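Peer 1: sharing a model that was predicted from the sequence below.
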Amino acid sequence: MHKYSIRPVVAALMSAVLVVACGKEAPAPKAEAPKAPEVLTVKIGSASPLTGPQAHIGIDIRNGVQLAIEDANATNVEIGGNKVKFELVSEDDEANPTKATTVAQKLVDAKVAGVVGHFNSGASIPASKIYSDAGIPQISPSSTNPKYTEQGFKTTFRVVAHDGQQGPTLARFAAKTLQAKSVAVIDDSTAYGQGLADNFEATAKSLGIKIVAREQTTDKDTDFKAILTKIKGKKPDLIMFGGIDPQAAPMIKQMKDLGIKARFIGGDGMQTPNFIKLAGDASDGAMASIPGLPKDQMPGGKTFLDQYKAKFNQEVELYAPMGYDAVMVLIDAMKRAGSADPAKFLPEVGKTRYDGVIGPIAFDEKGDLKNGPITIYVVKSGKWEPLETVKPEADAGNAPAATPAPTPEAAKK
Amino acid sequence: MDIFAQQLINGLVLGSIYALVALGYTMVYGILGLINFAHGDITMIGALVALTIVQALAAAGMPAPVVLVVAGGGAMMVCAALGLSIERVAYRPLRRAPRLAPLITAIGVSILLQYSAALIWGKQYIAMPKLLEPAAIDIAGAQLTTLQLAIFLLACAIMAALLWFIKASRMGRAMRATEQNPDVAGLMGVNTNTVIAFTFVLGSAIGAIAGLMIILYYGIGHYFMGFMLGLKAFTAAVLGGIGNVGGAVLGGLLLGVIESLASGYIGDLSGGLLGSNYRDIFAFLVLVLVLVLRPSGLLGQHSGDRA
């Protein structure tokens, strides 16, 4: 009994081993043949805050990057005739400038071909030196401080409009859409507020808008009655404020108290829910800009939002589309250069002409997004609603200068 | 002309708030010779307490006048208690100490109040729920809201009542006696401790009303709002002659008007060299000039060792 029974078992085992061995061996030559000489692994770095109070935005960016890498891998990208597999190296900079440099060094040591990040300007700027020294391209999806690209590095890029483009955009919007003839400009004497107001004023003047008053307050004041009274005497069509919400809110309230009919416009510092909370009913009709398109109006927005939701089971927070496009820009440059070596494809990044989720992407000589869209929002019944999207350097030849304007009547009001 | 009238209105309303806060500085200084630097922050506490009460009651759907009276009353009580305990704990033990000691203590109390408020209310700006719907009155092309008018009239009424109280009431006489010479007043049967404590209570309660006015007027509360306000009110008190109640009123109104006119016209007068954010420099310049020409302030009397 024993003798007989063991034989088939052994036989079965033997054959099983054989089958397994065959299964292993059979496809191996097929896979190895292209791999050894051709399939290349290219690492893409992603750096953003993944912990702490800004984690939701940082994770959003990382998800965008991950999605782009998966999409690229699914299309079997070839670079210089070689098949390429992309790999995500994700790091957490904790929105901390010091940690950002550590993370940057880690990514450089991991030999990433390019980096998408960081989220905060305060992190992107110190980290950019490290990427620049290593010759690795860095594309920030979200850092808007003009200084980021003004350091003379060839490796810094961004796919979002910077603060210096907001002022001129607001001015163009004032001239074209609002048909403002005279504007009073107020700023809060900070680097951000004054810079924004100066940029606005220069462009507004060049467009023939009359600057009837240029006033300054501080970022601690809450009484603007004297300034506003003076402005009231000049009867401007529009009041532009460079500053943030704790000043913008009482300012618009006091405008209404004084019976000033002019409209009120500002930058992203006041495009916050807090502004509406502090100003209450007075906030109605106030306008403010923020870099980027509203996410549902991005050219690839609908598809992207659906894809993102299906994959991560949550809504896009803010900058995931920019993170996605940043990866695609890097891959696109690699394809054109025929190499994944940063030294070879870096010059191609600057020459990018790419239609991304957020729209057409091209960089100027500093690495800033050309024609980066800026969206103007208006407060309507207690909510910020997109009013119009403007390209910073939109000229007559550029047909879709002002894309969807869903509420044109709001602009006239 | 309508612009000038508007600036004047803005200045008088702002000035009447300054004057109310300045009263607290000047009364304490008159009696103790102490600059109570915490007074601006007591006003801040009054404003935030009133704001919290308004938030709670307005959410409960109470009518606006009731909410205002309760908020004002609550803020006055909290501030009066605060003023009383600060005097008892921080200043009374130091009454015979060198003058620098209570001054430093006052700055310490000010910082303590600020950061206690930051702990309680957080460091965010707090929004005031919409409570009143002030109507605008047109005066020669200038807009005067009913709220501005109410603030100005209430401030004037409080100041007049205070002047009368100090002049005519028994406690007022005791206050004046203590101001002249605490020791002699004590010998004459005045309980100087009670008088001094009462002065703190009165000044703090008036500060609470000023706090309520500020949140009604500007609609925003913040734990740091008392700092600059205190500095301005102190300036107003010095401008009018510190220690003199009528002087605080005059100084407050004057400072408000100067500030308003300065921000309105400084740019044009200096040919665009100075922006309206230089109005504080202008206000303090006036202060320096007054002190150089009249060291004891506009209405201040020469009181030898005190001024």
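Peer 2: Perfect, thanks for sending it. Quick caveat, the model's predicted, so the values are computed rather than measured.

Peer 1: quick one, helices of chain A?
Peer 2: Secondary structure of chain A (DSSP state H): helices at A:2-25, A:28-35, A:55-74, A:97-109, A:121-134, A:163-176, A:191-206, A:225-234, A:245-257, A:273-279, A:301-312, A:320-337, A:342-350, A:408-412.

Peer 1: just put the ones you listed in JSON lines and tack on mean neighbour count, mean pLDDT and distance to chain B.
Peer 2: (C-beta placed from N, C-alpha, C; glycine too.) Output for the helices of chain A, formatted as JSON lines (neighbours: other Cβ atoms under 10 Å in any protein chain shown; pLDDT from 0 to 100; distance: least, Cβ to the nearest Cβ, whole Å):
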{"stretch": "helix A:2-25", "mean neighbour count": "9", "mean pLDDT": "48", "distance to chain B": "63"}
{"stretch": "helix A:28-35", "mean neighbour count": "10", "mean pLDDT": "44", "distance to chain B": "57"}
{"stretch": "helix A:55-74", "mean neighbour count": "21", "mean pLDDT": "92", "distance to chain B": "19"}
{"stretch": "helix A:97-109", "mean neighbour count": "19", "mean pLDDT": "95", "distance to chain B": "22"}
{"stretch": "helix A:121-134", "mean neighbour count": "22", "mean pLDDT": "93", "distance to chain B": "20"}
{"stretch": "helix A:163-176", "mean neighbour count": "23", "mean pLDDT": "89", "distance to chain B": "18"}
{"stretch": "helix A:191-206", "mean neighbour count": "20", "mean pLDDT": "89", "distance to chain B": "10"}
{"stretch": "helix A:225-234", "mean neighbour count": "24", "mean pLDDT": "90", "distance to chain B": "4"}
{"stretch": "helix A:245-257", "mean neighbour count": "25", "mean pLDDT": "91", "distance to chain B": "5"}
{"stretch": "helix A:273-279", "mean neighbour count": "20", "mean pLDDT": "87", "distance to chain B": "5"}
{"stretch": "helix A:301-312", "mean neighbour count": "15", "mean pLDDT": "91", "distance to chain B": "31"}
{"stretch": "helix A:320-337", "mean neighbour count": "26", "mean pLDDT": "94", "distance to chain B": "28"}
{"stretch": "helix A:342-350", "mean neighbour count": "18", "mean pLDDT": "93", "distance to chain B": "41"}
{"stretch": "helix A:408-412", "mean neighbour count": "12", "mean pLDDT": "39", "distance to chain B": "22"}
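
Peer 1: which residue comes closest to B:Asp2 once chain neighbours are left out?
Peer 2: B:Gly141 (2.9 Å; Cβ to Cβ, 6 or more residues apart in numbering or on different chains).

Peer 1: who in the stretch 101-250 of chain B is up against chain A?
Peer 2: Counting by Cβ under 8 Å from any Cβ of the partner chain, the stretch 101-250 of chain B comes close to chain A at B:124-125, B:127, B:129-130, B:134, B:136, B:143, B:145, B:148, B:218-220, B:222, B:224-225, B:228.

Peer 1: can you check which helix is longest in chain B?
Peer 2: From DSSP H, the single longest helix across chain B is helix B:2-32.

Peer 1: now do that one against helix A:245-257, angle only.
Peer 2: Here helix B:2-32 points in a direction 120 degrees away from that of helix A:245-257 (axes from the mean of the first three to the mean of the last three Cα atoms, to 10 degrees).

Peer 1: which elements pack onto helix B:2-32?
Peer 2: Where contact means 3 or more Cβ pairs under 8 Å, 6 or more residues apart in numbering or on different chains; DSSP states H and E, helix B:2-32 is packed against helix A:225-234, helix B:39-59, strand B:142-145, helix B:146-168, helix B:170-180, helix B:192-218, helix B:225-240, helix B:245-269.

Peer 1: surely A:Val115 touches A:Ala134?
Peer 2: No - applying Cβ atoms under 8 Å as the test, A:Val115 and A:Ala134 come out as separate, 9.6 Å apart.

Peer 1: from what I see, B:Asn10 and A:Ile227 are in contact.
Peer 2: No - in this structure, B:Asn10 is not within contact of A:Ile227 by Cβ under 8 Å, at 9.8 Å.

Peer 1: can I get the helices of chain A in CSV with distance to B:Leu287?
Peer 2: As requested, the helices of chain A are exported to CSV (distance: least, Cβ to Cβ, whole Å):
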stretch, distance to B:Leu287
helix A:2-25, 91
helix A:28-35, 82
helix A:55-74, 48
helix A:97-109, 42
helix A:121-134, 40
helix A:163-176, 37
helix A:191-206, 28
helix A:225-234, 18
helix A:245-257, 26
helix A:273-279, 32
helix A:301-312, 58
helix A:320-337, 52
helix A:342-350, 58
helix A:408-412, 47
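
Peer 1: of these, which is nearest B:Ile281?
Peer 2: Nearest to B:Ile281, of all those, is helix A:225-234, at 14.3 Å by Cβ to Cβ.
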